[in-house]
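Q: Could you look at this predicted model? Sequence included:
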Amino acid sequence: MLTAHRDPIAAIATAPGRGAVGIVRVSGRSAQPIIDAVCGRSLKPREATYLPFRATDGSPIDQGIAIHFPAPHSYTGEDVLELQAHGGPVVLQLLLARCLEAGAAMGLRVARPGEFTERAFLNDKIDLAQAEAIADLIDASTEAAARSAGRSLAGEFSREIHTLRDALIHLRMLVEATLDFPEEEIDFLRQSDAQGQLDRLQSALAGVMRRARQGALLREGIQVVIAGQPNAGKSSLLNALAGAELAIVTPIPGTTRDVVSQTIQVEGVPVHVIDTAGLRESEDVVERIGIERAWARIEAADAVLFLHDLTRAQETGYHEGDEALLRDLRSRVPEAVPVVQVWNKADAAASSTVHEGELRLSAKTGDGLNALRDRLLQIAGWQAAPEGVYIARERHLQALRRVDAHLMEAAAQLAGEVPALDLLAEELRLAQNALNEITGEFTADDLLGVIFSSFCIGK
Ligand SMILES: Nc1nc2c(c(=O)[nH]1)N(C=O)[C@@H](CNc1ccc(C(=O)N[C@@H](CCC(=O)O)C(=O)O)cc1)CN2
Ligand SMILES: Nc1nc2c(ncn2[C@@H]2O[C@H](COP(=O)(O)OP(=O)(O)OP(=O)(O)O)[C@@H](O)[C@H]2O)c(=O)[nH]1
Ligand SMILES: [Mg+2]
(Lines give C-alpha, C1' and ligand atoms only; values in the text may rest on other atoms or scores of the structure.)
(Ligands and ions follow the chains in the order given, each with its own letter.)
Protein backbone atom coordinates (compact mmCIF):
# COMPACT_ATOMS: atom_id res chain seq x y z
CA MET A 1 0.00 0.00 0.00
CA LEU A 2 2.77 2.39 -0.91
CA THR A 3 1.09 5.77 -0.95
CA ALA A 4 3.04 7.81 -3.44
CA HIS A 5 1.65 11.19 -2.52
CA ARG A 6 2.99 11.89 0.94
CA ASP A 7 5.12 15.02 1.24
CA PRO A 8 8.84 14.43 1.11
CA ILE A 9 10.43 14.98 4.53
CA ALA A 10 13.89 15.72 5.91
CA ALA A 11 15.45 15.82 9.37
CA ILE A 12 18.66 15.47 11.31
CA ALA A 13 18.55 11.82 12.39
CA THR A 14 21.27 11.94 15.03
CA ALA A 15 21.06 13.33 18.57
CA PRO A 16 21.31 17.09 19.01
CA GLY A 17 24.70 18.37 20.06
CA ARG A 18 28.22 17.51 19.02
CA GLY A 19 29.11 14.05 17.79
CA ALA A 20 31.71 12.34 15.67
CA VAL A 21 29.25 11.82 12.84
CA GLY A 22 25.78 13.23 12.20
CA ILE A 23 23.16 12.18 9.70
CA VAL A 24 20.66 14.19 7.68
CA ARG A 25 18.09 12.05 5.97
CA VAL A 26 15.47 12.66 3.36
CA SER A 27 12.52 10.43 2.51
CA GLY A 28 10.01 10.87 -0.28
CA ARG A 29 8.87 9.76 -3.67
CA SER A 30 12.20 10.62 -5.25
CA ALA A 31 15.42 11.76 -3.68
CA GLN A 32 17.03 12.40 -7.06
CA PRO A 33 16.68 16.23 -7.11
CA ILE A 34 18.46 16.42 -3.74
CA ILE A 35 21.15 14.00 -4.85
CA ASP A 36 21.77 16.04 -7.98
CA ALA A 37 21.91 19.33 -6.11
CA VAL A 38 23.82 18.37 -2.96
CA CYS A 39 26.00 15.48 -4.15
CA GLY A 40 26.44 16.63 -7.72
CA ARG A 41 26.79 13.10 -9.09
CA SER A 42 24.79 9.92 -9.31
CA LEU A 43 24.92 7.42 -6.46
CA LYS A 44 24.97 3.64 -6.77
CA PRO A 45 22.01 2.18 -4.86
CA ARG A 46 22.78 1.27 -1.25
CA GLU A 47 26.47 2.06 -1.59
CA ALA A 48 28.47 4.47 0.55
CA THR A 49 30.06 7.24 -1.54
CA TYR A 50 32.55 9.71 -0.11
CA LEU A 51 32.03 13.15 -1.63
CA PRO A 52 31.71 16.87 -0.87
CA PHE A 53 28.21 18.14 0.04
CA ARG A 54 27.71 21.31 -2.01
CA ALA A 55 26.13 24.60 -0.99
CA THR A 56 24.01 26.49 -3.55
CA ASP A 57 27.06 28.33 -4.89
CA GLY A 58 28.93 25.04 -5.28
CA SER A 59 31.23 25.54 -2.31
CA PRO A 60 31.65 22.50 -0.04
CA ILE A 61 29.66 22.46 3.21
CA ASP A 62 31.39 19.28 4.39
CA GLN A 63 33.05 16.13 3.08
CA GLY A 64 30.90 13.15 3.94
CA ILE A 65 29.28 9.92 2.94
CA ALA A 66 26.08 9.74 0.92
CA ILE A 67 23.87 6.67 0.61
CA HIS A 68 20.83 6.37 -1.60
CA PHE A 69 18.27 3.71 -0.65
CA PRO A 70 15.93 3.55 -3.66
CA ALA A 71 12.29 2.83 -2.84
CA PRO A 72 11.00 0.49 -1.60
CA HIS A 73 14.19 -0.94 -0.10
CA SER A 74 14.73 1.56 2.70
CA TYR A 75 13.83 2.22 6.34
CA THR A 76 10.64 4.07 5.36
CA GLY A 77 9.86 2.10 2.21
CA GLU A 78 10.20 5.37 0.26
CA ASP A 79 13.19 6.75 -1.62
CA VAL A 80 15.70 7.64 1.11
CA LEU A 81 18.87 9.68 0.93
CA GLU A 82 21.28 9.71 3.83
CA LEU A 83 23.98 12.30 4.22
CA GLN A 84 26.50 11.30 6.87
CA ALA A 85 28.43 14.41 7.80
CA HIS A 86 30.64 15.56 10.65
CA GLY A 87 28.47 15.75 13.73
CA GLY A 88 28.45 19.43 14.63
CA PRO A 89 25.09 21.11 15.24
CA VAL A 90 25.88 24.00 12.86
CA VAL A 91 27.15 21.90 9.97
CA LEU A 92 24.12 19.61 10.25
CA GLN A 93 21.72 22.58 10.30
CA LEU A 94 23.45 23.96 7.20
CA LEU A 95 23.15 20.62 5.46
CA LEU A 96 19.49 20.26 6.39
CA ALA A 97 18.76 23.80 5.19
CA ARG A 98 20.58 23.02 1.95
CA CYS A 99 18.41 19.91 1.40
CA LEU A 100 15.23 21.86 2.13
CA GLU A 101 16.26 24.49 -0.38
CA ALA A 102 17.13 21.91 -3.03
CA GLY A 103 13.82 20.14 -2.42
CA ALA A 104 11.65 23.25 -2.17
CA ALA A 105 10.14 22.71 -5.60
CA MET A 106 8.94 19.24 -4.65
CA GLY A 107 7.55 20.45 -1.30
CA LEU A 108 10.30 19.02 0.94
CA ARG A 109 9.66 19.95 4.57
CA VAL A 110 11.04 19.15 8.02
CA ALA A 111 9.73 15.86 9.41
CA ARG A 112 7.55 15.71 12.51
CA PRO A 113 8.82 13.56 15.41
CA GLY A 114 8.39 9.89 14.52
CA GLU A 115 7.36 10.61 10.96
CA PHE A 116 10.04 8.42 9.34
CA THR A 117 8.97 5.50 11.48
CA GLU A 118 5.31 6.28 10.86
CA ARG A 119 6.00 5.92 7.15
CA ALA A 120 7.78 2.63 7.73
CA PHE A 121 4.56 1.50 9.46
CA LEU A 122 2.22 2.92 6.80
CA ASN A 123 4.32 1.27 4.08
CA ASP A 124 4.14 -2.11 5.83
CA LYS A 125 7.86 -2.30 6.63
CA ILE A 126 7.04 -2.85 10.29
CA ASP A 127 3.86 -3.24 12.29
CA LEU A 128 2.74 -0.95 15.09
CA ALA A 129 4.18 -3.05 17.93
CA GLN A 130 7.56 -3.02 16.16
CA ALA A 131 7.38 0.74 15.60
CA GLU A 132 6.72 1.22 19.32
CA ALA A 133 9.62 -1.11 20.08
CA ILE A 134 11.95 1.21 18.15
CA ALA A 135 11.00 4.12 20.45
CA ASP A 136 11.27 1.83 23.48
CA LEU A 137 14.71 0.66 22.38
CA ILE A 138 15.89 4.27 22.15
CA ASP A 139 14.31 5.13 25.52
CA ALA A 140 15.35 1.93 27.34
CA SER A 141 16.73 2.72 30.80
CA THR A 142 18.28 -0.67 31.52
CA GLU A 143 20.10 -3.29 29.50
CA ALA A 144 17.30 -5.79 30.02
CA ALA A 145 14.77 -3.26 28.73
CA ALA A 146 16.91 -2.63 25.64
CA ARG A 147 17.28 -6.35 24.95
CA SER A 148 13.58 -6.98 25.28
CA ALA A 149 12.82 -4.02 22.99
CA GLY A 150 15.20 -5.60 20.49
CA ARG A 151 13.17 -8.80 20.65
CA SER A 152 9.93 -6.92 20.01
CA LEU A 153 11.57 -5.05 17.13
CA ALA A 154 12.62 -8.37 15.62
CA GLY A 155 8.94 -9.31 15.66
CA GLU A 156 8.76 -11.77 18.56
CA PHE A 157 5.80 -10.09 20.23
CA SER A 158 4.01 -9.57 16.91
CA ARG A 159 4.49 -13.24 16.01
CA GLU A 160 2.82 -14.32 19.24
CA ILE A 161 -0.07 -11.98 18.52
CA HIS A 162 -0.37 -13.46 15.03
CA THR A 163 -0.40 -16.99 16.40
CA LEU A 164 -3.27 -16.04 18.71
CA ARG A 165 -5.05 -14.33 15.86
CA ASP A 166 -4.73 -17.36 13.56
CA ALA A 167 -6.19 -19.65 16.22
CA LEU A 168 -9.00 -17.17 16.73
CA ILE A 169 -9.74 -16.97 13.00
CA HIS A 170 -9.90 -20.76 12.86
CA LEU A 171 -12.42 -20.85 15.66
CA ARG A 172 -14.45 -18.04 14.11
CA MET A 173 -14.66 -19.93 10.83
CA LEU A 174 -16.01 -22.90 12.69
CA VAL A 175 -18.65 -20.86 14.49
CA GLU A 176 -19.66 -18.92 11.39
CA ALA A 177 -19.99 -22.15 9.42
CA THR A 178 -22.20 -23.53 12.16
CA LEU A 179 -24.43 -20.45 11.93
CA ASP A 180 -25.32 -21.58 8.42
CA PHE A 181 -26.61 -24.96 9.60
CA PRO A 182 -28.89 -24.09 12.51
CA GLU A 183 -30.38 -27.58 12.96
CA GLU A 184 -27.18 -29.44 13.69
CA GLU A 185 -25.37 -26.46 15.18
CA ILE A 186 -24.78 -27.74 18.68
CA ASP A 187 -23.68 -31.20 17.66
CA PHE A 188 -21.46 -29.76 15.04
CA LEU A 189 -19.70 -27.49 17.50
CA ARG A 190 -19.29 -30.32 20.00
CA GLN A 191 -17.83 -32.69 17.43
CA SER A 192 -15.42 -30.13 16.11
CA ASP A 193 -14.02 -29.48 19.58
CA ALA A 194 -14.81 -25.76 19.62
CA GLN A 195 -14.59 -25.92 23.40
CA GLY A 196 -11.10 -27.41 23.28
CA GLN A 197 -9.97 -24.79 20.77
CA LEU A 198 -11.27 -21.98 22.94
CA ASP A 199 -9.60 -23.46 26.04
CA ARG A 200 -6.26 -23.63 24.28
CA LEU A 201 -6.69 -20.09 22.99
CA GLN A 202 -7.37 -18.81 26.49
CA SER A 203 -4.35 -20.48 27.98
CA ALA A 204 -2.12 -19.26 25.15
CA LEU A 205 -3.45 -15.76 25.79
CA ALA A 206 -2.67 -16.09 29.50
CA GLY A 207 0.94 -16.90 28.58
CA VAL A 208 1.25 -13.88 26.29
CA MET A 209 -0.27 -11.64 28.97
CA ARG A 210 2.23 -12.88 31.54
CA ARG A 211 5.16 -12.09 29.29
CA ALA A 212 3.70 -8.76 28.16
CA ARG A 213 3.24 -7.72 31.80
CA GLN A 214 6.90 -8.43 32.43
CA GLY A 215 7.76 -6.45 29.31
CA ALA A 216 5.67 -3.49 30.43
CA LEU A 217 7.45 -3.61 33.77
CA LEU A 218 10.84 -3.42 32.04
CA ARG A 219 9.61 -0.41 30.11
CA GLU A 220 7.91 1.51 32.88
CA GLY A 221 9.64 0.34 36.05
CA ILE A 222 8.07 1.06 39.45
CA GLN A 223 7.90 4.22 41.57
CA VAL A 224 9.18 3.55 45.07
CA VAL A 225 8.85 6.38 47.60
CA ILE A 226 10.92 6.50 50.78
CA ALA A 227 8.86 8.15 53.51
CA GLY A 228 9.09 8.58 57.26
CA GLN A 229 9.90 10.99 60.05
CA PRO A 230 12.85 13.38 59.79
CA ASN A 231 16.25 11.85 60.43
CA ALA A 232 15.15 8.22 59.87
CA GLY A 233 17.82 7.91 57.19
CA LYS A 234 15.70 8.26 54.04
CA SER A 235 18.29 10.21 52.10
CA SER A 236 21.00 7.83 53.29
CA LEU A 237 18.94 4.93 51.96
CA LEU A 238 18.51 6.59 48.56
CA ASN A 239 22.26 7.19 48.40
CA ALA A 240 23.02 3.62 49.43
CA LEU A 241 20.68 2.17 46.77
CA ALA A 242 22.03 4.51 44.09
CA GLY A 243 25.64 4.03 45.11
CA ALA A 244 26.22 7.79 44.96
CA GLU A 245 25.93 10.80 47.23
CA LEU A 246 22.86 12.28 45.53
CA ALA A 247 20.89 13.66 48.47
CA ILE A 248 22.26 15.76 51.31
CA VAL A 249 22.60 13.82 54.57
CA THR A 250 23.04 15.55 57.93
CA PRO A 251 22.12 14.76 61.54
CA ILE A 252 19.77 17.75 61.43
CA PRO A 253 16.10 16.72 61.21
CA GLY A 254 14.40 18.40 58.25
CA THR A 255 17.41 18.32 55.95
CA THR A 256 15.59 17.22 52.80
CA ARG A 257 13.01 19.57 51.31
CA ASP A 258 12.92 18.94 47.58
CA VAL A 259 12.08 15.53 46.21
CA VAL A 260 15.26 13.74 45.09
CA SER A 261 14.87 10.80 42.76
CA GLN A 262 17.09 8.35 40.98
CA THR A 263 16.42 5.38 38.74
CA ILE A 264 18.32 2.30 39.81
CA GLN A 265 18.04 -1.10 38.23
CA VAL A 266 17.41 -4.33 40.04
CA GLU A 267 17.96 -7.35 37.81
CA GLY A 268 17.21 -5.13 34.84
CA VAL A 269 13.96 -3.77 36.26
CA PRO A 270 14.03 0.04 36.43
CA VAL A 271 13.19 1.14 39.98
CA HIS A 272 12.55 4.86 40.37
CA VAL A 273 13.54 5.58 43.98
CA ILE A 274 12.19 8.81 45.42
CA ASP A 275 13.54 10.42 48.60
CA THR A 276 11.20 12.86 50.32
CA ALA A 277 11.15 15.40 53.13
CA GLY A 278 10.66 13.97 56.62
CA LEU A 279 6.99 14.08 57.62
CA ARG A 280 6.23 16.25 60.64
CA GLU A 281 4.33 19.34 61.73
CA SER A 282 6.44 22.30 60.77
CA GLU A 283 6.27 26.07 61.03
CA ASP A 284 8.95 26.49 58.40
CA VAL A 285 7.36 27.58 55.10
CA VAL A 286 9.98 25.90 52.92
CA GLU A 287 9.83 22.66 54.85
CA ARG A 288 6.03 22.62 54.65
CA ILE A 289 6.14 22.88 50.87
CA GLY A 290 8.61 19.99 50.88
CA ILE A 291 6.24 17.93 53.02
CA GLU A 292 3.33 18.66 50.66
CA ARG A 293 5.49 17.43 47.79
CA ALA A 294 6.35 14.34 49.79
CA TRP A 295 2.66 13.51 50.23
CA ALA A 296 1.99 14.03 46.52
CA ARG A 297 4.70 11.48 45.70
CA ILE A 298 3.51 9.07 48.36
CA GLU A 299 -0.01 9.15 46.97
CA ALA A 300 1.24 8.34 43.45
CA ALA A 301 3.68 5.58 44.48
CA ASP A 302 3.64 1.94 43.38
CA ALA A 303 5.19 1.08 46.74
CA VAL A 304 6.13 3.03 49.86
CA LEU A 305 9.11 2.27 52.07
CA PHE A 306 8.17 3.57 55.51
CA LEU A 307 11.44 4.15 57.27
CA HIS A 308 11.84 3.87 61.05
CA ASP A 309 14.90 4.76 63.08
CA LEU A 310 15.74 1.60 65.03
CA THR A 311 17.90 3.49 67.52
CA ARG A 312 14.88 5.51 68.55
CA ALA A 313 12.42 2.63 68.61
CA GLN A 314 10.74 2.16 71.95
CA GLU A 315 9.36 -0.90 73.59
CA THR A 316 6.20 -0.76 71.51
CA GLY A 317 8.38 -1.29 68.50
CA TYR A 318 7.50 2.10 67.10
CA HIS A 319 9.06 5.34 67.98
CA GLU A 320 6.99 8.29 68.94
CA GLY A 321 4.74 9.53 66.17
CA ASP A 322 5.39 6.64 63.77
CA GLU A 323 2.19 4.81 64.56
CA ALA A 324 -0.10 7.78 63.91
CA LEU A 325 1.89 8.75 60.84
CA LEU A 326 1.67 5.24 59.47
CA ARG A 327 -2.13 5.23 59.90
CA ASP A 328 -2.36 8.55 58.11
CA LEU A 329 -0.14 7.30 55.31
CA ARG A 330 -2.07 4.06 54.92
CA SER A 331 -5.29 6.03 54.55
CA ARG A 332 -3.80 8.17 51.81
CA VAL A 333 -2.45 5.46 49.51
CA PRO A 334 -4.64 3.05 47.54
CA GLU A 335 -5.28 -0.34 49.13
CA ALA A 336 -3.26 -2.20 46.50
CA VAL A 337 -0.10 -0.19 47.14
CA PRO A 338 2.24 -2.02 49.52
CA VAL A 339 3.67 -0.05 52.44
CA VAL A 340 6.81 -1.84 53.61
CA GLN A 341 8.08 -1.04 57.08
CA VAL A 342 11.82 -0.73 57.08
CA TRP A 343 13.88 -0.41 60.26
CA ASN A 344 17.05 1.53 59.53
CA LYS A 345 20.29 2.03 61.49
CA ALA A 346 20.49 -1.66 62.41
CA ASP A 347 24.24 -1.19 62.83
CA ALA A 348 23.73 1.17 65.78
CA ALA A 349 20.90 -0.65 67.55
CA ALA A 350 20.91 -3.62 69.84
CA SER A 351 19.88 -6.66 67.86
CA SER A 352 16.17 -7.17 67.85
CA THR A 353 13.79 -9.00 65.62
CA VAL A 354 11.29 -7.22 63.43
CA HIS A 355 7.73 -8.25 62.64
CA GLU A 356 6.90 -10.58 59.80
CA GLY A 357 7.08 -8.79 56.46
CA GLU A 358 9.18 -5.94 57.85
CA LEU A 359 12.79 -5.32 56.92
CA ARG A 360 15.80 -4.42 59.01
CA LEU A 361 18.78 -2.79 57.39
CA SER A 362 21.57 -0.28 57.65
CA ALA A 363 21.88 2.42 55.04
CA LYS A 364 25.29 3.10 56.54
CA THR A 365 26.86 -0.36 56.17
CA GLY A 366 24.65 -1.70 53.37
CA ASP A 367 23.52 -4.64 55.48
CA GLY A 368 20.05 -5.79 54.47
CA LEU A 369 19.97 -3.90 51.17
CA ASN A 370 19.86 -7.10 49.13
CA ALA A 371 16.78 -8.25 50.99
CA LEU A 372 15.22 -4.86 50.21
CA ARG A 373 16.06 -5.24 46.51
CA ASP A 374 14.50 -8.70 46.51
CA ARG A 375 11.37 -7.31 48.12
CA LEU A 376 11.15 -4.60 45.47
CA LEU A 377 11.34 -7.20 42.70
CA GLN A 378 8.66 -9.21 44.43
CA ILE A 379 6.41 -6.14 44.71
CA ALA A 380 7.00 -5.34 41.06
CA GLY A 381 5.85 -8.87 40.23
CA TRP A 382 9.08 -9.68 38.42
CA GLN A 383 9.34 -13.40 37.68
CA ALA A 384 10.72 -14.09 34.27
CA ALA A 385 14.36 -14.33 33.40
CA PRO A 386 15.01 -11.30 31.19
CA GLU A 387 15.74 -13.49 28.17
CA GLY A 388 12.45 -14.28 26.49
CA VAL A 389 10.69 -11.12 27.62
CA TYR A 390 9.61 -8.75 24.88
CA ILE A 391 8.90 -5.12 25.61
CA ALA A 392 5.24 -4.17 25.86
CA ARG A 393 3.24 -1.11 26.70
CA GLU A 394 0.23 -0.40 28.85
CA ARG A 395 -1.70 0.02 25.59
CA HIS A 396 -0.90 -3.59 24.69
CA LEU A 397 -1.89 -4.87 28.12
CA GLN A 398 -5.23 -3.09 27.86
CA ALA A 399 -5.89 -4.64 24.46
CA LEU A 400 -4.95 -8.09 25.77
CA ARG A 401 -7.28 -7.63 28.74
CA ARG A 402 -10.09 -6.83 26.31
CA VAL A 403 -9.31 -9.94 24.29
CA ASP A 404 -9.46 -11.91 27.53
CA ALA A 405 -12.84 -10.43 28.50
CA HIS A 406 -14.35 -11.26 25.09
CA LEU A 407 -13.02 -14.80 25.21
CA MET A 408 -14.55 -15.25 28.68
CA GLU A 409 -17.91 -14.12 27.32
CA ALA A 410 -17.50 -16.49 24.40
CA ALA A 411 -16.67 -19.35 26.76
CA ALA A 412 -19.75 -18.57 28.85
CA GLN A 413 -21.93 -18.79 25.73
CA LEU A 414 -20.35 -22.01 24.60
CA ALA A 415 -20.78 -23.63 28.02
CA GLY A 416 -24.49 -22.79 28.18
CA GLU A 417 -27.32 -25.30 27.56
CA VAL A 418 -28.26 -23.55 24.35
CA PRO A 419 -25.36 -21.46 23.12
CA ALA A 420 -26.41 -18.24 21.40
CA LEU A 421 -24.22 -18.68 18.37
CA ASP A 422 -24.64 -15.16 17.08
CA LEU A 423 -23.43 -13.76 20.42
CA LEU A 424 -20.55 -16.23 20.44
CA ALA A 425 -19.56 -15.16 16.95
CA GLU A 426 -19.73 -11.49 17.91
CA GLU A 427 -17.49 -11.94 20.99
CA LEU A 428 -14.90 -13.72 18.88
CA ARG A 429 -15.00 -10.94 16.31
CA LEU A 430 -14.47 -8.31 19.02
CA ALA A 431 -11.59 -10.35 20.47
CA GLN A 432 -9.92 -10.37 17.08
CA ASN A 433 -10.33 -6.61 16.68
CA ALA A 434 -8.66 -6.04 20.04
CA LEU A 435 -5.72 -8.25 18.98
CA ASN A 436 -5.39 -6.36 15.71
CA GLU A 437 -5.08 -3.09 17.59
CA ILE A 438 -1.76 -4.26 19.01
CA THR A 439 -0.12 -4.77 15.65
CA GLY A 440 -1.97 -1.82 14.15
CA GLU A 441 -4.17 -3.56 11.59
CA PHE A 442 -7.13 -1.96 13.30
CA THR A 443 -6.12 1.28 14.95
CA ALA A 444 -7.73 4.70 14.95
CA ASP A 445 -5.75 7.50 13.29
CA ASP A 446 -5.76 9.67 16.40
CA LEU A 447 -4.12 6.87 18.40
CA LEU A 448 -1.43 6.58 15.72
CA GLY A 449 -0.89 10.32 16.07
CA VAL A 450 -0.36 9.99 19.81
CA ILE A 451 2.02 7.06 19.43
CA PHE A 452 4.27 8.57 16.77
CA SER A 453 4.35 12.09 18.15
CA SER A 454 6.11 10.82 21.28
CA PHE A 455 9.11 9.69 19.20
CA CYS A 456 12.21 11.82 19.03
CA ILE A 457 12.78 14.14 16.09
CA GLY A 458 14.41 12.51 13.09
CA LYS A 459 13.19 9.02 14.03
N1 LIG B 1 22.80 4.75 8.83
C2 LIG B 1 21.67 4.29 9.35
N3 LIG B 1 21.72 3.42 10.37
C4 LIG B 1 20.57 2.95 10.91
C5 LIG B 1 19.31 3.35 10.43
C6 LIG B 1 19.29 4.26 9.33
O7 LIG B 1 18.23 4.68 8.84
N8 LIG B 1 20.50 4.70 8.83
N9 LIG B 1 18.16 2.84 11.01
C10 LIG B 1 16.93 3.44 10.94
O11 LIG B 1 16.59 4.33 11.66
C12 LIG B 1 18.24 1.62 11.76
C13 LIG B 1 18.25 0.46 10.78
N14 LIG B 1 17.02 0.35 10.10
C15 LIG B 1 16.89 0.08 8.75
C16 LIG B 1 15.82 -0.70 8.34
C17 LIG B 1 15.71 -1.06 7.03
C18 LIG B 1 16.66 -0.65 6.10
C19 LIG B 1 16.56 -1.09 4.68
O20 LIG B 1 17.34 -0.68 3.82
N21 LIG B 1 15.65 -1.97 4.37
C22 LIG B 1 15.45 -2.53 3.03
C23 LIG B 1 16.46 -3.59 2.69
C24 LIG B 1 16.42 -4.76 3.63
C25 LIG B 1 17.46 -5.82 3.31
O26 LIG B 1 18.38 -5.61 2.52
O27 LIG B 1 17.30 -6.90 3.91
C28 LIG B 1 14.04 -3.07 2.92
O29 LIG B 1 13.36 -3.16 3.94
O30 LIG B 1 13.64 -3.38 1.81
C31 LIG B 1 17.70 0.16 6.52
C32 LIG B 1 17.83 0.52 7.84
C33 LIG B 1 19.44 1.64 12.64
N34 LIG B 1 20.64 2.06 11.93
N1 LIG C 1 24.34 4.57 62.39
C2 LIG C 1 23.59 4.87 61.35
N3 LIG C 1 23.30 6.15 61.06
C4 LIG C 1 22.55 6.41 59.98
C5 LIG C 1 22.07 5.39 59.12
N6 LIG C 1 21.34 5.96 58.14
C7 LIG C 1 21.38 7.29 58.35
N8 LIG C 1 22.10 7.56 59.46
C9 LIG C 1 22.37 8.91 60.03
O10 LIG C 1 21.14 9.50 60.37
C11 LIG C 1 21.18 10.92 60.14
C12 LIG C 1 20.03 11.33 59.24
O13 LIG C 1 20.19 10.75 57.95
P14 LIG C 1 19.42 11.27 56.69
O15 LIG C 1 19.66 10.28 55.62
O16 LIG C 1 19.77 12.68 56.41
O17 LIG C 1 17.92 11.18 57.21
P18 LIG C 1 16.58 11.64 56.50
O19 LIG C 1 15.53 10.68 56.86
O20 LIG C 1 16.83 11.86 55.04
O21 LIG C 1 16.27 13.02 57.20
P22 LIG C 1 15.41 14.27 56.70
O23 LIG C 1 15.88 14.62 55.31
O24 LIG C 1 15.73 15.33 57.66
O25 LIG C 1 13.99 13.86 56.73
C26 LIG C 1 22.54 11.21 59.54
O27 LIG C 1 23.39 11.65 60.53
C28 LIG C 1 22.98 9.85 59.01
O29 LIG C 1 24.38 9.72 58.96
C30 LIG C 1 22.41 4.03 59.44
O31 LIG C 1 22.02 3.07 58.78
N32 LIG C 1 23.16 3.84 60.57
MG1 LIG D 1 16.66 13.48 53.88
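A: Structure's in. What do you need? Ligands and ions are numbered 1, 2, ... in the order given.

Q: any chance you could map the helices in the stretch 251-400 of the chain?
A: Applying DSSP state H, counting those that start in this stretch to the stretch 251-400 of the chain gives helices spanning 285-299, 322-332, 369-380, 394-415.

Q: Show residues contacting the third one.
A: For helix 369-380, contacts defined as CB atoms under 8 Å, 6 or more residues apart in numbering pick out 217, 221-222, 224, 240-241, 266-267, 269, 271, 302-303, 305, 338, 340, 342, 359, 361. Backbone N, C-alpha and C define where each C-beta goes, glycine included.

Q: List buried residues within those.
A: Buried subset of the contacts of helix 369-380 (neighbour count, 16 or more other CB atoms under 10 Å): 217, 221-222, 224, 240-241, 266, 269, 271, 302-303, 305, 338, 340, 342, 359, 361.

Q: any idea of the mean pLDDT in stretch 85-102?
A: In this model, stretch 85-102 has an average pLDDT of 97.

Q: ditto for stretch 278-296
A: 96.

Q: That one: which residues count as buried?
A: G278, L279, S282, E287, G290, I291, A294, W295.

Q: possible to save these as JSON lines with distance to D124?
A: Formatted as JSON lines, the buried residues of stretch 278-296 follow (distance: CB to CB, whole Å):
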{"residue": "G278", "distance to D124": "56"}
{"residue": "L279", "distance to D124": "55"}
{"residue": "S282", "distance to D124": "60"}
{"residue": "E287", "distance to D124": "58"}
{"residue": "G290", "distance to D124": "53"}
{"residue": "I291", "distance to D124": "54"}
{"residue": "A294", "distance to D124": "50"}
{"residue": "W295", "distance to D124": "49"}
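
Q: Between the residues you listed, which sits nearest ligand 2?
A: Nearest to ligand 2 among the buried residues of stretch 278-296: G278, at 2.6 Å, using CB to the nearest ligand atom.

Q: And the residue lying closest to that closest one once chain neighbours are set aside, how far from Y50?
A: Once flanking residues are discounted, G278 sits nearest to P230: 2.9 Å by CB to CB, 6 or more residues apart in numbering. Applying CB to CB, to the nearest Å, the value for P230 to Y50 is 64 Å.

Q: same deal with L447?
A: L447 is 43 Å from Y50, by CB to CB.

Q: Q398 too?
A: 49 Å.

Q: Who has more neighbours out of the two?
A: Q398 (13 against 9; other CB atoms under 10 Å).

Q: Which pLDDT value belongs to the more buried one?
A: On the pLDDT scale, Q398 gets 96.

Q: try E183
A: 66.

Q: count of neighbours near R119?
A: 24.

Q: how far away is it from ligand 2?
A: Look at R119 and ligand 2: by CB to the nearest ligand atom, to the nearest Å, they are 50 Å apart.

Q: which residue packs closest to that residue, ignoring adjacent ones?
A: In space, R119 is closest to T76, 4.1 Å off (CB to CB, 6+ apart).

Q: do the same with G40
A: R54 (5.4 Å).

Q: looking at the sheet around the one you found, what are its partners?
A: Judged by DSSP bridges, the bridge partners of R54 are P60.

Q: what about it, how many residues close to it?
A: Count around R54 with other CB under 10 Å applied: 17.

Q: nearest residue to V208 other than its sequence neighbours?
A: V208's closest residue in space is E160 (CB to CB, 6+ apart), at 5.2 Å.
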